[in-house]
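A.B. asks: All I have is the shape, not the residue letters:
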């Protein structure tokens, strides 16, 4: 699937506009992102200028309605953008995912004040934002314990605790997280402003990849979250989570799809000089491309279903399909990156080689929440519950 191809004769104005936007984004990536990839990977350079430029081109606007300054094109548009960025740099694609996830959390909330205040900036890239739901989701599945606690106070909540790793952050950024309310047990979801009193960012980790994502620890010491920044109170949180979770997970496929596509390109380029020996490798480009095409088709099919607003009775089946596809996408990312490394051979082992970077990035696709082991556990749990309900 060529996301940068010019529209064919006879396509409607909307398709032509979308193709034109893709061409502009591809040119921005070539001009501004590609020359900085090694600095992002090796030196931890945060691609802030690129992100803001991408926002000006509409790269974050798909998940935001026109009412709040977005394009309303939906998850399909967002995933296509993430995939296009990931073909060049998965680290930067991850920050795009964080930004759009943050915007979508707000868009799907019932808090009109927070939407009006924050969504126009998030859609345009003037306001940058992250997502801090890793601990929330893992704790819901009893993989780890909750690291934040909320206390209901006049006009909002008081938050205490520390989240170890939240991405796409900075002093003027915002992010969304959720935690249980003391004495209630149910969750509250809310927006955090990184410059508000009692909140502190701590830079204490060095990663083997994804260093340019501004992944920082978040310390809460009596942080007041006003009701105007609450996206879901405890009585709303179960329905809210069901709305945001499938799309959040599905959008991560954008990272994998772009990475896989580039890895196939690395395999094909190595064949120009080494096919006589690379033909003995287990994973060949045609097989990988067939798997990629199937994954893309299913990703965009599910994105269309989520964009249409499925009914509550459809939700569990769609969520299960998303989990299975996300698992398959993570496994295919590992397979394609391994193939690129092995087909490239010693050339792929150089410090600045794309193949070894892709392999490190593929491991991130496999471990970012929900990790592959998390997905397998959740799929097993949901399938067992469904089977029990039928007996």
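C.D. replies: It's in. Just so it is clear, the model here is predicted, and its values are computed rather than measured. Numbers count the residues shown, from 1 in each chain.
A.B. asks: The stretch 51-200 of the chain: strands as residue ranges?
C.D. replies: For the stretch 51-200 of the chain, the strands defined by DSSP state E, counting those that start in this stretch occupy 129-132, 148-153, 156-166, 174-180, 187-193, 199-202.
A.B. asks: in the fifth one, what's buried?
C.D. replies: With burial defined by 16 or more other C-beta atoms under 10 Å, the residues of strand 187-193 counted as buried are 187-193. All C-beta spots, glycine's among them, are computed from the backbone N, C-alpha and C.
A.B. asks: Same question for stretch 153-173: list its buried residues.
C.D. replies: Within stretch 153-173, the residues that qualify as buried by neighbour count (16+ other C-beta under 10 Å) are 156-161, 163, 165-170, 173.
A.B. asks: what's the spacing between the nearest residue to residue 63 once chain neighbours are set aside and residue 89?
C.D. replies: Computed as C-beta to C-beta, 6 or more residues apart in numbering, the closest residue to residue 63 that is not its neighbour in sequence is residue 104, at 4.1 Å. Distance check for residue 104 against residue 89: by C-beta to C-beta, to the nearest Å, it reads 22 Å.
A.B. asks: go on, residue 70?
C.D. replies: Counting by C-beta to C-beta, the gap between residue 70 and residue 89 amounts to 24 Å.
A.B. asks: more neighbours, those two?
C.D. replies: Counting neighbours by other C-beta atoms under 10 Å for residue 70 and for residue 89 shows that residue 89 has the greater number, 27 against 24.
A.B. asks: Hmm, residue 122 is touching residue 62, no?
C.D. replies: No: under the contact definition of C-beta atoms under 8 Å, residue 122 does not touch residue 62, with a separation of 11.8 Å.
A.B. asks: Comparing the two, which residue is more hemmed in?
C.D. replies: For residue 122 against residue 62, the residue with the higher neighbour count under other C-beta under 10 Å is residue 122, and the figures read 29 against 25.
A.B. asks: Around the spatially closest residue to that one that is not a sequence neighbour, count how many other residues there are.
C.D. replies: Nearest in space to residue 122, with sequence neighbours left out and distances taken as C-beta to C-beta, 6+ apart, is residue 103 at 4.2 Å. Counted with other C-beta under 10 Å, the burial measure for residue 103 works out to 28 neighbours.
A.B. asks: Can you verify my assumption that residue 103 contacts residue 69?
C.D. replies: No: here residue 103 does not reach residue 69: they are 10.0 Å apart, not a contact under C-beta under 8 Å.
A.B. asks: Common neighbours of the two, please.
C.D. replies: Taking C-beta atoms under 8 Å, 6 or more residues apart in numbering as the contact rule, residue 103 and residue 69 both touch 119, 123.
A.B. asks: Buried residues, the lengthiest helix in the chain. List them.
C.D. replies: In the chain, with assignment by DSSP state H, the single longest helix is helix 315-344. For helix 315-344, a neighbour-count test (16+ other C-beta under 10 Å) marks 315, 318-344 as buried.
A.B. asks: before we move on, what about stretch 37-54?
C.D. replies: Within stretch 37-54, the residues that count as buried by 16+ other C-beta under 10 Å are 37, 40-41, 44, 46-48, 50-51, 53-54.
A.B. asks: Over to stretch 283-295?
C.D. replies: In stretch 283-295, the ones that count as buried by 16+ other C-beta under 10 Å are 283-285, 288-289, 291-292, 295.
A.B. asks: tell me the domain ranges of the chain?
C.D. replies: Listed domain ranges for the chain are 13-128, 131-236, 252-390 (source: automatic domain parsing).
A.B. asks: pLDDT on the longest one, on average?
C.D. replies: Spelled out, that is domain 252-390. For domain 252-390, mean pLDDT is 93.
A.B. asks: can you tell me the distance between the two ends of it?
C.D. replies: The first and final residues of domain 252-390 sit 31 Å from each other (C-alpha to C-alpha, to the nearest Å).
A.B. asks: Please apply the same query to the second one.
C.D. replies: Using C-alpha to C-alpha, the gap from the first to the last residue of domain 131-236 comes to 19 Å.
A.B. asks: Taking helix 315-344 as reference, get the angle to whichever strand or helix holds residue 387.
C.D. replies: Under the assignment given by DSSP states H and E, the secondary-structure element containing residue 387 is helix 372-390. Regarding helix 372-390 and helix 315-344, their directions subtend 150 degrees when assessed with axes from the mean of the first three to the mean of the last three C-alpha atoms, to 10 degrees.
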